[in-house]
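Novice: pasting the sequence and the predicted model now:
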2 protein chains.
Amino acid sequence: MSSYKDKKVISIGIVSDLTGLSLRKIRYYEERGLLSPGRTEKGGRKYSFSDVETLMKIAERREEGVQTAEIKKELVKDISRQKVRDEMIKGQLNAQFGLRKR
Amino acid sequence: MSSYKDKKVISIGIVSDLTGLSLRKIRYYEERGLLSPGRTEKGGRKYSFSDVETLMKIAERREEGVQTAEIKKELVKDISRQKVRDEMIKGQLNAQFGLRKR
DNA sequence: CGTGTAAGGAATTCTGACACG
DNA sequence: CGTGTAAGGAATTCTGACACG
């Protein structure tokens, strides 16, 4: 299912470098519920590569003038599509290799 | 080729959590040349998931009493094997799908 | 609404060194 | 050789708030 891509291990400073977004923006998008990073014991935010990708999508949409509330809805849809796609790929691979008893 | 697995984005504290190794050990293995993390502008160490896996191998071998110099040699071999394996998989996939013009 | 910024404090990380063995 | 630790300093991150629009 998941893998390195979903492990929450990147601190906000690195995420800022990766995305080009300010710390303020990254925290704000979280406040608006567009993503939810993990936390270290002491309260430090930890992001996954998926989160970084989400942030890049957000940045794009924001540049187009889309408000965070709207972007939030889009992200939810993206997640559903993602799931469907994953299932299809899984099915494909299964059809190719999964049933081969040899 | 590479991907998330090889991106240097994890700080040493998280790596310590992930591997169970002390900061001291992690830095020492670097000093001995068993791995080479990236650096942020200000000098902070940044590790990849591959580095984390390498550290776990190191931890195993150390528990068996193997010295760092010896482990270092083993790691170099591992990398060669890795490359060969990657090539084989690539060849496999190519044989399965790559030539299909349909 | 979205983002910048100064504020004060807490937690992280860095390096070089001494210790023990 | 491998690892712990105390030391001093620098860089990171956190939260809540005020500002502007």
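Specialist: Okay, I see it. Numbers count the residues shown, from 1 in each chain, chains lettered A, B, ... in the order given.
Novice: get me the contact residues on chain A for DNA strand D.
Specialist: Proximity of chain A to DNA strand D, by Cβ under 7 Å from any atom of the strand, involves residues A:11-14, A:16, A:23, A:27, A:43-45. The C-beta positions use only the backbone N, C-alpha and C, and glycine is treated the same way.
Novice: tell me which parts of chain A are close to DNA strand C?
Specialist: Neighbours of DNA strand C within chain A, by Cβ under 7 Å from any atom of the strand: A:22, A:24-25, A:28-29, A:32, A:40-44, A:62, A:67-69.
Novice: mind listing the strands for chain A?
Specialist: In chain A, the segments counted as strands under DSSP state E are A:10-11, A:38-39, A:45-47.
Novice: list the contacts of the longest one.
Specialist: Contact partners of strand A:45-47, identified using Cβ atoms under 8 Å, 6 or more residues apart in numbering or on different chains, comprise A:8-12, A:15, A:27, A:30, A:35, A:37-40, B:14.
Novice: skipping adjacent residues, who's closest to A:T19 in space?
Specialist: With sequence-adjacent residues excluded and distances taken as Cβ to Cβ, 6 or more residues apart in numbering or on different chains, A:T19 is closest to A:L55, at 4.7 Å.
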